[in-house]
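K.L.:
model this:
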Amino acid sequence: MFRRPPRSTLLPYTTLFRSGTNAASAAISTALTYSTNPAEIVLDLLTDGLNIDDSNIDVGTFWTAKQQCSTLYNDWQVNLAVIQQANIQSIISDVLATCRGQIVHTANKWKLKIDSKLQGTVSTLTDDDFIKNSLNISMRGNKEIANKIIFKYINPTDEWLSAQVVKEDSALQTFDGQTLEKTLDAKGVTNSTQAGELAEIALNAMRYTENSSGYRVKQTPLVLSFATTVKNAHLEVGDLVTINSDLLDRNREFIILSVETDQSGLIQITSREYAETHYKDSSGNYII
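P.N.:
Next up, the predicted model:
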């Protein structure tokens, strides 16, 4: 599929060329080229698939995501064949699933964010930032969350049939007293290494957090929700914030999952505890 795709029954993913040597200088070009980079493909789907004007795209975020997928994340790729009648939004979701990405619309701009171990905090919030009695902290029980991830992908060396990798922690299963499976299916992943990395990060993000010394502990991440004022209107989905509250035993980092503004103008935010261990294996080495 070129930037102006021909009419056909089956469209292989290709995308437009991205220029620039860094996020600040990156620009959208009309030149055509083939790409398996998830960031480039999402950009093409937004501009040509959904007809979003280039001026409404935060190009720098797509450039950064492109670099993360191609270098930081061991060359994460997406390979898909798409039926012409397929829904563009569902295709975008399929592409994002190959790189733990998400699309954010803020300040009239579309951004692409990749769940990254290199994220920096954008703000530190204290109890003064929370509307009175709005702060809620919860944590799902261990026996409610999977301790075994089955990640399905496509194996091109086996006639493009479905294959799977499994990531599990026997110590977790003993701790839980049972094995709980969750199946993830990323249609655009055709590499067992990428599938394994995505599966392991998914398991870690559901089942582990860190203690005050930075060591992994078998504890599901905290979920924190609160209401705040327009003072924090700059916060958006995917941002990493530090929470300094009397309700916590120490300063902790949280990644924002949702931001909504109610009729009164208050901003409702839901976030999940963030930990470096989500991107490490059991030996403490970075997966990506």
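K.L.:
Any figure for the gap between residue 238 and residue 274?
P.N.:
According to C-beta to C-beta, to the nearest Å, residue 238 and residue 274 sit 11 Å apart. The C-beta positions use only the backbone N, C-alpha and C, and glycine is treated the same way.
K.L.:
Show me the common contact partners of those two, please.
P.N.:
Taking C-beta atoms under 8 Å, 6 or more residues apart in numbering as the contact rule, residue 238 and residue 274 both touch residue 255.
K.L.:
The stretch 1-150 of the chain: helices as residue ranges?
P.N.:
38-44, 59-67, 88-96 (DSSP state H, counting those that start in this stretch).
K.L.:
Restricting to C-alpha, output the first one in PDB.
P.N.:
C-alpha atoms of helix 38-44 as PDB (Å, rounded to 0.1, in the frame of the first residue of the first chain):
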ATOM      1  CA  PRO A  38       5.200   0.500  13.300                       C
ATOM      2  CA  ALA A  39       5.500   4.300  13.800                       C
ATOM      3  CA  GLU A  40       5.800   4.900  10.100                       C
ATOM      4  CA  ILE A  41       2.800   2.700   9.300                       C
ATOM      5  CA  VAL A  42       0.600   4.300  11.900                       C
ATOM      6  CA  LEU A  43       1.500   7.700  10.500                       C
ATOM      7  CA  ASP A  44       0.500   6.700   7.000                       C
END
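K.L.:
now, of the helices of the stretch 1-150 of the chain, which is deepest in the fold?
P.N.:
helix 38-44 (a mean of 27; mean count of other C-beta atoms under 10 Å).
K.L.:
That one: how far from the chain's middle?
P.N.:
Put simply, helix 38-44 sits 14 Å off its chain's centre (C-alpha atoms, centre = their mean, to the nearest Å).
K.L.:
For that helix, enumerate the helices and strands it packs against.
P.N.:
Applying 3 or more C-beta pairs under 8 Å, 6 or more residues apart in numbering; DSSP states H and E, we find helix 38-44 packed against strand 15-19, helix 59-67, helix 88-96, strand 101-106, strand 109-114.
K.L.:
go again using 6 Å as the cut-off
P.N.:
Helices and strands touching helix 38-44, by 3 or more C-beta pairs under 6 Å, 6 or more residues apart in numbering; DSSP states H and E, are strand 15-19, helix 59-67, helix 88-96.
K.L.:
quick one: average confidence on the first one?
P.N.:
Taken as a whole, strand 15-19 has an average pLDDT of 45.
K.L.:
that older thread, tabulate the helices and strands packed on helix 38-44 in CSV, adding columns for distance to residue 266.
P.N.:
Putting those into CSV (distance: least, C-beta to C-beta, whole Å) gives the following:
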stretch, distance to residue 266
strand 15-19, 38
helix 59-67, 27
helix 88-96, 29
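K.L.:
Does residue 266 touch residue 227 like I think?
P.N.:
Yes - counting by C-beta atoms under 6 Å, residue 266 touches residue 227, with 4.8 Å between them.
K.L.:
So those two - more neighbours on which side?
P.N.:
More neighbours surround residue 227 than the other of residue 266 and residue 227, with 19 against 16 (other C-beta atoms under 10 Å).
K.L.:
Quick one: residues contacting residue 101.
P.N.:
Residue 101 makes contact with 112, 114 under the criterion C-beta atoms under 6 Å, 6 or more residues apart in numbering.
K.L.:
how near is residue 44 to residue 171?
P.N.:
From residue 44 to residue 171 the distance is 43 Å (C-beta to C-beta).
K.L.:
thinking again about what came up before, right, and the helices of the stretch 1-150 of the chain - which one's nearest residue 243?
P.N.:
With C-beta to C-beta as the criterion, residue 243 lies closest to helix 59-67 of the helices of the stretch 1-150 of the chain, at 24.3 Å.
K.L.:
any idea of the angle that closest one forms with strand 101-106?
P.N.:
Computed with axes from the mean of the first three to the mean of the last three C-alpha atoms, to 10 degrees, the direction of helix 59-67 lies at 170 degrees from that of strand 101-106.
K.L.:
by how many degrees do helix 59-67 and strand 109-114 diverge?
P.N.:
Going by the same axes, to 10 degrees, helix 59-67 makes 20 degrees with strand 109-114.
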